[in-house]
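Below are the sequence and a predicted model for it; my questions follow.
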2 protein chains.
Amino acid sequence: METRIMEGGRHPFVYGQRLVDPDKPTVLFYGHYDVQPVEPLDAWASDPFKPIVRDARIYARGAGDNKGQLYAQLMGINATLRVRGELPLNVKCIFEGEEESGSPNLESFVRKNRGLLNADLAYTSDGPVHESGRPMVVFGVRGLLYVELTARGAERDLHSGNWGGPSPNPAWELVRLLGTMKGPEGRITIAGFYDSVRMPTKQEKAAFGRIPLNKTSVARSLGLRLSQIPDPEVFYRKLMAEPTLNIAGIYGGYTGKGSKTVIPSSASVKMDMRLVPDQHPDDIFRKFQAHVKLHAPGIEVKRMSSTPTSRTPLTSQFAKPIREAVKDATGMEPVVYPSLGATLPDYVFTTVLGIPSIIVPYANIDESNHAPNENIKIENFVRGMKCCAAVMENLSRVSV
Amino acid sequence: METRIMEGGRHPFVYGQRLVDPDKPTVLFYGHYDVQPVEPLDAWASDPFKPIVRDARIYARGAGDNKGQLYAQLMGINATLRVRGELPLNVKCIFEGEEESGSPNLESFVRKNRGLLNADLAYTSDGPVHESGRPMVVFGVRGLLYVELTARGAERDLHSGNWGGPSPNPAWELVRLLGTMKGPEGRITIAGFYDSVRMPTKQEKAAFGRIPLNKTSVARSLGLRLSQIPDPEVFYRKLMAEPTLNIAGIYGGYTGKGSKTVIPSSASVKMDMRLVPDQHPDDIFRKFQAHVKLHAPGIEVKRMSSTPTSRTPLTSQFAKPIREAVKDATGMEPVVYPSLGATLPDYVFTTVLGIPSIIVPYANIDESNHAPNENIKIENFVRGMKCCAAVMENLSRVSV
């Protein structure tokens, strides 16, 4: 491949391409070479930066997230080249070094290099396979808008005996404002919040119902009774097709042990909103701000960060070839996953470049990413190489 | 005086009496000899346990709260005895050593020693004079009920992307519950909460309007505009005759700097309620619990502490003699203060013993109690002695 290191962020981008035939599809592989910190070091059974094989797994920081999976892609490309003499389609690769920092420069890099990166499809391998052990084909991610609200009162906490009654309380103001943001059943009552929510397609609805859901394990994770876990149609519709307004943190006044009788000088809440197509963080932020201004104009709103949503139709012409390739390579029927509940900067492909984007995770579910003793099973690594090769083979037959 | 040390708490009670004439009134002086910790020691200009005079003030831990004021009472009694040859009425003294720890054993001690402590009036000097510099005659305190509520979800904080939507959020449950506790204008909507609130008397209402209120200073303390501070009638009615439901602290999820996208595993709120006659903490706690059970049965309620209210009528036969004595001794018209907004264990006199109780603070407003460089102005100390003597003199003329 022709390769180059390209500036554009705190850490450079790595670009590579092998263009074989302008009539064939072009696939853009995305991945990242940066990793999370390794601390706590004591908890590692071996040096995080000296990969070793133990119990049929490769242990090292990045083994799963994302060096291992990225390398499986490169090995898949390399094997194809060696076996066939040439790649069956055009390949571009873009690897970044700031994914774990929220990809702050990816969008501007992609905007500046549209021509270079232009492709028919973006293809990523990151994250683990489905918890059932089956592979997944993922068609999108939810977006994110993170805000922090602060209600302020006196300069210092006040004695609640000496001032309680005549004095306002910022914690109550904040609670009252939050109370205006959700109605019965948890529906978000910010005016216009749902306006641009796209209804899930027939295919997506059908897909929700076919995703395995281990209700026992979910009930345990959520601290709920088994009977409180809905069926997959509902569970995955909420996770993939509905936005959220989450309280990620709330604090004010005395939060230590025991009791202290104060009126807090301020109270704050951190909220994240997971957005779905076609909600845009800028529009939602304006609506959020307007809501606060209407109900509690004294409360400060700070916009912390945001990432737009991304969604590729299940009916994309690339969907079936990829599903079949994954099935051939792994021997298992992949789970069709319309969207992650979480957020990745996938919109740079679907929105900025305007191309479909599909994610096929290769790592084992217990990869321990972001944690000590990160690993990838050799079995998963090998399957990843095979997947990559099979995906290229099948995609090469799509006419574009 | 006949004196004795009496067990009954972690620190003993000190009792003294001089009974001169069964036809004369008996006054029970209350005070405490324990003090707050002196830390931070660096901030003291002199040794906190070596009283020194500087700038016409006595500096020492306890100079104001409460050894200095208690000693002014004893000096007043002593001077009266020396000058007149005998006290003009019967005197009993009870001093405790656990006031700064919330007087955990005072009630049981008073219950066990009803006969010994029986009197016509309890008389206390603690706290500072009114901020206007005028002395105060205080007729009661608000009560207190302190609770902590906890909503629980999963065992650990969950990733809000992977779980947001299908997962409940304990912080939202808590906020929703809190939202059911107050209506418009901040009225408390717990069923029956106001049932036993006694309307202020004609005399009390008149007194509210006559208490000096420095609106500029209050606005500064509360971080409000001057126009937001109500007139004294309203300000002091809210402080003295209305109960509160205060959020003293609220916390859950991620409360550090920046952003973290989690669904909190739990969320808690600490609340104090300041109660007014005739609300009782036990009754209010039952109503509070019932409210939580109705609206959010999964949320835990923990009762932390409580103290009943106390109120002596402004029309008590002892009120006028004391007001006049304070005026004579200080040369200033005392502020008639129907109740502190704060809480003291005054109910042991008014409810357990069933006698009126009046508080006349002697200390300067800048006494720095509970803080470094605690002090009492010599002027205030001397006025305290005079007050005590004048109060005894006037009380001796009341027929009981």
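Ah, there it is.

Ramachandran angles for the closest residue to chain B within the stretch 251-400 of chain A?
Nearest residue of the stretch 251-400 of chain A to chain B: A:A342, at 2.8 Å (Cβ to the nearest Cβ). Where you see a C-beta, it was placed from the backbone N, CA and C, and this is true even at glycine. Main-chain torsions, A:A342, degrees, to the nearest 10: phi -80, psi -180.

hang on, isn't it packed against B:W163?
No. Contact criterion Cβ atoms under 8 Å: A:A342 and B:W163 do not qualify, at 9.4 Å.

Please parse chain A into its domains.
A:2-141+A:309-395, A:143-199+A:241-307 (automatic domain parsing).

From the opening residue of the shortest one to its closing one, how far?
Between the opening and closing residues of domain A:143-199+A:241-307 lies a distance of 5 Å (Cα to Cα, to the nearest Å).

what does the first one give?
Terminal residues of domain A:2-141+A:309-395 lie 21 Å apart, using Cα to Cα.

same for whichever strand or helix holds A:F288, what does it pack against?
Element membership for A:F288, per DSSP states H and E: helix A:281-295. Judged by 3 or more Cβ pairs under 8 Å, 6 or more residues apart in numbering or on different chains; DSSP states H and E, the packing partners of helix A:281-295 are strand A:143-152, helix A:170-179, strand A:266-275, strand A:300-307.

now the last one: mean pLDDT?
Read it as strand A:300-307. What strand A:300-307 shows for mean pLDDT is 96.

now the first one
Rounded to a whole number, the mean pLDDT of strand A:143-152 is 97.

how about that strand, does it reach chain B?
Yes. Under the criterion of Cβ under 8 Å from any Cβ of the partner chain, chain B is reached by strand A:143-152 at A:L144, A:Y146, A:E148, A:R152.

What strands line up against the helix or strand following that strand, and which way round?
Next helix or strand after strand A:143-152 toward the C-terminus (DSSP H and E): strand A:158-159. Strand pairing for strand A:158-159, determined by DSSP bridges: strand A:262-263 (antiparallel).

Kindly provide the whole-number mean pLDDT of the partner strand.
Mean pLDDT, computed over strand A:262-263, is 95.

Outside of it itself, list whatever touches it.
Residues outside strand A:262-263 that contact it (Cβ atoms under 8 Å, 6 or more residues apart in numbering or on different chains) are A:153-154, A:157-160, A:163-164, A:167, A:169, A:253-254, B:246, B:248-249.

Equivalent analysis for stretch A:152-170, please.
Residues outside stretch A:152-170 that contact it (Cβ under 8 Å, 6+ apart): A:151, A:252-254, A:261-267, A:298, A:300, B:142, B:144, B:218, B:221-224, B:229-230, B:235, B:238-239, B:242, B:244, B:246-248, B:272, B:274, B:340-343.

buried sites along that stretch?
Residues of stretch A:152-170 classed as buried under the neighbour-count rule (16 or more other Cβ atoms under 10 Å in any protein chain shown) are A:152-154, A:157-158, A:160-170.

same thing with stretch A:322-340?
Residues A:322-323, A:325-327, A:329-330, A:334-340 are the ones in stretch A:322-340 that count as buried (16+ other Cβ under 10 Å).

Filter those down to just the ones in strands.
Among these, the ones falling in strands (DSSP state E) are A:V335, A:V336, A:Y337.

average pLDDT for the helix or strand A:K386 falls within?
According to DSSP H and E, A:K386 maps onto helix A:378-395. Mean pLDDT, helix A:378-395: 98.

distance of A:I190 from chain B?
Going from A:I190 to chain B by Cβ to the nearest Cβ, to the nearest Å gives 14 Å.

cool, and A:R237?
Per Cβ to the nearest Cβ, A:R237 is found 8 Å from chain B.

Check for me that that residue belongs to a strand.
No. Assignment of A:R237 by DSSP: H, G, I helix; E, B strand; the rest coil gives helix, placing it outside any strand.

how much space between the nearest residue in space to it that is not next to it in sequence and A:S310?
Among residues not flanking A:R237 along the chain, A:F208 sits closest, at 5.2 Å (Cβ to Cβ, 6 or more residues apart in numbering or on different chains). Distance, A:F208 to A:S310, using Cβ to Cβ, to the nearest Å: 18 Å.

Next: A:G164.
Distance, A:G164 to A:S310, by Cβ to Cβ: 49 Å.

What of A:S160?
Applying Cβ to Cβ, the value for A:S160 to A:S310 is 48 Å.

What of A:G153?
As judged by Cβ to Cβ, A:G153 and A:S310 stand 41 Å apart.

cool, A:P243 as well?
Here the criterion is Cβ to Cβ. By it, A:P243 lies 14 Å from A:S310.

Between the two, which has more neighbouring residues?
The residue with more neighbours, out of A:P243 and A:S310 and counting by other Cβ atoms under 10 Å in any protein chain shown, is A:S310; that gives 26 against 22.

The more buried one is in contact with A:Y347, isn't it?
Yes. Between A:S310 and A:Y347 a contact is recorded at 4.3 Å, counting by Cβ under 8 Å.

which neighbours do the two share?
A:G143.

Please enumerate the strands of the stretch 101-250 of chain A.
A:121-124, A:136-138, A:140-141, A:143-152, A:158-159, A:246-253 (DSSP state E, counting those that start in this stretch).

Skipping its backbone neighbours, what lies nearest A:I247 in space?
B:A171 (3.8 Å).

Please name the residues that touch A:G341.
Contact analysis of A:G341 by Cβ under 8 Å, 6+ apart lists A:R142, A:L239, A:M240, A:R274, B:G161, B:N162, B:W163, B:G164, B:G165.
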